[in-house]
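J.: Okay, structure incoming, though there's no sequence with it:
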């Protein structure tokens, strides 16, 4: 082991970031579309969340260039967005099968003993240094074979996330995990918050490739078999890997939580105390954004007169908002969304209604 | 005199409708634009208000084909919209000078003894039969030389209109006028409403061409002189009259109310008890429109989910409104307006701000 510049003991081995970019993202419609999901949007200044995620681990002393698992539809876009980063490898899922098979493709591509840092491509983390320090601190346990998950210390009794229950400490800042629990009701979420031993499940993991594959072999062998066969039949073009469709399609569609984490005998949890958002709704984006003196977040072709606490964005027509309060208005050339801030999670209803009414072309792009 | 089919005594002489289409209309921005002001929009079903105004007097037994006073920019559009009506004559104001000079152009074009029915092109009247009956009833006084104005019996203490005070009855349904009064404050408007002798000034008039010209000669000779000179220098193409710009520009810009009606020794008032709207704001349009079971007026490319008491229109992008209440949302390909119903008169602020910020091209079209 060596001592890193942040003063923490880390394994000398470089860590392999695995960025999961499979989300199709309808929750930020109409800005996010199947052609350009959330992780590819410039929601915060001039950076996409994919770029921010890659930049968070752009430290050649500690991290390999990222492995990005994504849809082949987005391969060109990803290479364009990451052109300033170290060269990424793209594993292009021929069909979406949720996170367990996606991570299996990455784990099978990496050397057996390599440490994989699995991250969603579309979450916001305020303090990258704290994040990297926590990863470094967890590396030793992961190198020993522990499946490590990073939880977010909850700041409110949120019913929108799964929770992870902590057990006894394994070392400073790292705990034995007790249990993955489903999204709770309000009373249960309140209990979790006051209990103090529950963290939000943010879908961030650190483990050796072989530790994950061994767990898959034991608890979800069909996932492992499908991913292995898909890679055996893969075609490769430059730094792009195209797993075989027919083989990969035989995998169940299942998350790493269900397939592995809820079934393994032991895992570790590292609670992260930092600004984090999954930007899972327009209200979440508003909260995570820099607001003006009236509490507005304004972006693009917008004129706001007497607006308060509103999220106003246009990538298309001139948006004029007068006297609105606690409102979300998002305009593109194809669609305009207007919804009160407190109801912004209802966007999905609209997307579903538009899909069933007239096909995806109405969703814009 | 003969007895018309509505059972009223009317002058046998056919009346000359004069439709004033000079309004440049920014109050219904972004749907109304300088290129297509309110009177040219299909705000109610498939008819424009210009067409509805012309249709209201499309009775060849009682009315001549209309004289339309308008901007030359709209000449093609007007002829296209009125192609199904009797052939209209267009007097094309070379520059806008408000209503007194516009009506002077019409009065100078008509035979001296002809009765002119002057109407705005962009007001809504619910019951055309009542309107025509009232015009017929007033024709005899107008033929005697009275300047007749039609007032709207007020249904609320509105501070947005001028009022006309009635005096003694001249005949059933027609009164001597006492006074034109400015837009009142709220207390005064309430007093007018309870008094019962005040009507809204709707800008509708009936008089002999020479009666108006005589009043102009006495009270606003510069208006008359400019209009006469502009017509002396006019060019004519088919049914279009183009008055001379330099001459017409010498006229003061002044309304018929200020130039004539407030100054004449006597005038008559016919109160109209009918559904009327000047559609002077999005809220007024909403009120005048057929609403769905949730109190919404929805038009064009719109998906409304759980919306209430809202006006939602799109001529461009798909507009999705979720859970909104008492809101106006108007979308075009160029601009989107979002404003609470109660503040919809603030549109003018936005139009002014956009004009000063970047020129008229930003106003859409």
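T.: Cool, the structure landed. No experiment lies behind these values; they were computed from the predicted model shown.

J.: Next, work out how far apart the closest residue to residue A:331 other than its chain neighbours and residue B:303 are.
T.: Computed as C-beta to C-beta, 6 or more residues apart in numbering or on different chains, the closest residue to residue A:331 that is not its neighbour in sequence is residue A:314, at 3.9 Å. Where you see a C-beta, it was placed from the backbone N, CA and C, and this is true even at glycine. From residue A:314 across to residue B:303, the span is 19 Å (C-beta to C-beta, to the nearest Å).

J.: now do residue A:107
T.: 43 Å.

J.: hey, where'd the strands end up in the stretch 101-250 of chain A?
T.: Remark: strands assigned in the stretch 101-250 of chain A by DSSP state E, counting those that start in this stretch are A:115-120, A:124-125, A:148-152, A:163-171, A:174-181, A:198-208, A:235-237, A:240-242.

J.: For chain B, find the nearest of those strands.
T.: With C-beta to the nearest C-beta as the measure, strand A:124-125 is the member of the strands of the stretch 101-250 of chain A nearest chain B (24.2 Å).

J.: Which elements pack onto that closest one?
T.: Secondary structure elements in contact with strand A:124-125, counted by 3 or more C-beta pairs under 8 Å, 6 or more residues apart in numbering or on different chains; DSSP states H and E, are helix A:49-56, strand A:276-277.

J.: strands paired with it, and their directions?
T.: Using DSSP bridges, strand A:124-125 pairs in its sheet with strand A:276-277 (antiparallel).

J.: any idea how far the strand it pairs with is from the chain center?
T.: 10 Å (C-alpha atoms, centre = their mean, to the nearest Å).

J.: moving C-terminal of that strand, what's the next helix or strand?
T.: helix A:282-288 (DSSP states H and E).

J.: still on that earlier bit, okay, residue A:107 and residue B:303: which has more neighbours?
T.: More neighbours surround residue A:107 than the other of residue A:107 and residue B:303, with 27 against 21 (other C-beta atoms under 10 Å in any protein chain shown).

J.: Would you mind measuring from that one to residue B:289?
T.: Residue A:107 is 61 Å from residue B:289, by C-beta to C-beta.

J.: low-scoring stretches of the stretch 51-200 of chain A, by residue?
T.: For the stretch 51-200 of chain A, residues meeting the criterion pLDDT under 70 lie at A:85-86.

J.: about what we covered before: after the host helix or strand of the residue nearest to residue A:331, which helix or strand is next?
T.: Take DSSP H and E as the rule and residue A:314 turns out to sit in strand A:311-322. As assigned by DSSP H and E, the chain's next helix or strand after strand A:311-322 is strand A:327-331.

J.: so the residue nearest the centre of chain A bridges to which residues?
T.: By C-alpha atoms, centre = their mean, the mean C-alpha position of chain A lies nearest to residue A:120, the distance being 2.1 Å. Beta bridges link residue A:120 to residue A:20 when assigned by DSSP bridges.

J.: Name all residues that make contact with it.
T.: Listed by C-beta atoms under 8 Å, 6 or more residues apart in numbering or on different chains, the contact set of residue A:120 reads A:19, A:20, A:23, A:53, A:202, A:203, A:204, A:278.

J.: Please list the residues of chain A that sit near chain B.
T.: A:30, A:303, A:305-306, A:314, A:316-324, A:327, A:329, A:331-340, A:343, A:346-347, A:349-350, A:353-354, A:357, A:362, A:364 (C-beta under 8 Å from any C-beta of the partner chain).

J.: Any chance of a PyMOL selection covering the buried ones in those?
T.: A single PyMOL command selects the buried members of those (16 or more other C-beta atoms under 10 Å in any protein chain shown):
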select buried, chain A and resi 30+303+305+314+316+317+318+319+320+321+322+323+324+327+329+331+332+334+335+336+337+338+339+340+343+346+347+349+350+354+362+364
